[in-house]
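S.K.: Here is a sequence with its predicted model. Questions after.
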Amino acid sequence: MRRTLGVATALVGIAALTFAASPANAASLPAGDKAYILPCDSDEFNGLLYEVDTTTGVATQVGDWENPDTDVFACAGPAAYNPVNGLGYWISWANSEGYLISVDLTTGENTVVGQFTIEGEPYYTPIAIAIDAAGNAWATSWSVSPDVLYSLDLSTAALTEVGPTGVTDESDNYGLAWDSVTKTVYAYNVGTEDFYTVDTTTGAFTTFAEDVFGDVVPYAIAFDSAGQVWGINEDIISAPITDFASAEVLSVINPDPNGESPEDNIYSESILIVPAPAPAPAPAPEPVLAATGSDNGNLGMLVGFGALLVVAGAVIARRRTA
């Protein structure tokens, strides 16, 4: 059964600027980009993929997938888009057993990649993932102090330590996402509400901005093709990373079963953005002949001269046979 969620839209002030945002400054999804969420709400909704129309304010289930095993397809943690194979990936927090799930963004079908492991041992506390343009993936965790960045094998769910983040204060939750514009992985610390750049070779986090979202604290982040950051925590929030003081907020609403006005928010900690398809390459230019120093007039003269030679040869041949 296809489910549709209503979304109520309102502009809010972010950080220290209360009510400072305006429609002219608010972030919006670039044309052709698509936003998706996965709920962390109840057995009925967990694992269902929704596409959010940020223009009309409606979220609609993709496909008709239904959850066959709520012990595996449980509360959806942060997600990421893999541009190499076109799949989404999300963390399932299932009964203290963390699973990596792939989701087909055209059908909504979910597939279990595997349980997260470190050196072959089960590991259930990855909290966020990011995937770059080449399909390289990373994850953060909430159970290690100091926090550690891991590389993630998307085919097996195996984690390999990259190095400590260097952040220890209230650092148990992170949003993690790849920005295709700056070619950078960014992280968001829910405890301190600070934004970081991530060195994927060492694991080190470097502060990019502090106290960026104020009252709206997202538990997952994603970037669109224009380099705007989007976050989710019941509400969806978006803003350019160069201007966190302006944002657009969407409240995702649970449809009322009686067909009346919806009242209850659906809770989600999982958002992913799919960029618009790249434009088709321009057709190859027509080959240009090398310059010979001759123009068309000279070419015509040469052709005419060649024809005269042919006629002259024919006349000579007739005289010899006469």
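M.R.: Nice, I can see it. Nothing here was measured: the structure is a model prediction, and the numbers come from that model. Residues are numbered from 1 along each chain as shown.

S.K.: number of nearby residues for residue 44?
M.R.: 12 (other Cβ atoms under 10 Å). All C-beta spots, glycine's among them, are computed from the backbone N, C-alpha and C.

S.K.: typo on my end, residue 237
M.R.: Residue 237, neighbours per other Cβ under 10 Å, totals 24.

S.K.: partner strands of the helix or strand hosting it, parallel or antiparallel?
M.R.: For residue 237, the host element (DSSP states H and E) is strand 235-240. Counting by DSSP bridges, the strands paired with strand 235-240 are strand 228-233 (antiparallel), strand 246-252 (antiparallel).

S.K.: Tell me if I'm right that residue 106 and residue 62 touch.
M.R.: Yes - here residue 106 reaches residue 62: they are 7.3 Å apart, a contact under Cβ atoms under 8 Å.

S.K.: Give me the more crowded residue out of the two.
M.R.: More crowded of residue 106 and residue 62, by other Cβ under 10 Å: residue 62, with 21 against 11.

S.K.: Please, which helix or strand holds the closest residue to that one other than its chain neighbours?
M.R.: Excluding the flanking residues, the one nearest residue 62 by Cβ to Cβ, 6 or more residues apart in numbering is residue 108, at 4.0 Å. Following DSSP H and E, there is no helix or strand that holds residue 108.

S.K.: Dead centre of the protein: give me the residue that sits there.
M.R.: residue 273 (3.7 Å; Cα atoms, centre = their mean).

S.K.: follow-up on the earlier one: save the strands paired with strand 235-240 as CSV, and put in distance to residue 204 too.
M.R.: Output for the strands paired with strand 235-240, formatted as CSV (distance: least, Cβ to Cβ, whole Å):
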stretch, distance to residue 204
strand 228-233, 20
strand 246-252, 28
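
S.K.: and those strands, which is most packed in?
M.R.: Ranked by mean neighbour count under mean count of other Cβ atoms under 10 Å, those are led by strand 228-233, which reaches a mean of 26.

S.K.: CA atoms only: put that strand into PDB for me.
M.R.: Only the C-alpha atoms of strand 228-233 are listed here, as PDB (Å, rounded to 0.1, in the frame of the first residue of the first chain):
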ATOM      1  CA  GLN A 228      23.600  22.900   0.800                       C
ATOM      2  CA  VAL A 229      23.300  20.800   3.900                       C
ATOM      3  CA  TRP A 230      20.100  19.100   4.900                       C
ATOM      4  CA  GLY A 231      19.400  17.500   8.300                       C
ATOM      5  CA  ILE A 232      16.600  15.600   9.900                       C
ATOM      6  CA  ASN A 233      15.300  15.000  13.400                       C
END
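
S.K.: all strands in the stretch 51-200 of the chain, in order from the N-terminus.
M.R.: Assigned by DSSP state E, counting those that start in this stretch, the stretch 51-200 of the chain shows strands spanning 58-61, 75-82, 87-94, 97-104, 110-115, 117-118, 121-122, 126-131, 137-141, 148-152, 158-164, 174-179, 184-189, 194-198.

S.K.: I'd like to know which of the ones you listed lies nearest to residue 46.
M.R.: Among these, strand 75-82 comes nearest to residue 46, with 5.9 Å by Cβ to Cβ.

S.K.: Who are the contact partners of residue 148?
M.R.: For residue 148, the contact set (Cβ atoms under 8 Å, 6 or more residues apart in numbering) comprises 140, 141, 161, 162, 163, 164, 165, 203.

S.K.: Considering the residues you listed, which member attains the minimum pLDDT?
M.R.: Least confident of the contacts of residue 148 in the model: residue 141, at 83.

S.K.: so that one sits right up against residue 147, yeah?
M.R.: Yes - applying Cβ under 8 Å, one finds residue 141 in contact with residue 147, separated by 6.9 Å.

S.K.: Tell me what residue 233 is bridged to.
M.R.: residue 235.

S.K.: Quick one, grab the pLDDT at it.
M.R.: pLDDT for residue 233: 81.

S.K.: got a list of what it touches?
M.R.: 216, 217, 218, 219, 220, 268, 269.

S.K.: ok, now how distant is the second one from residue 136?
M.R.: In this structure, residue 217 and residue 136 are 28 Å apart, going by Cβ to Cβ, to the nearest Å.

S.K.: now residue 45
M.R.: Distance check for residue 45 against residue 136: by Cβ to Cβ, it reads 31 Å.
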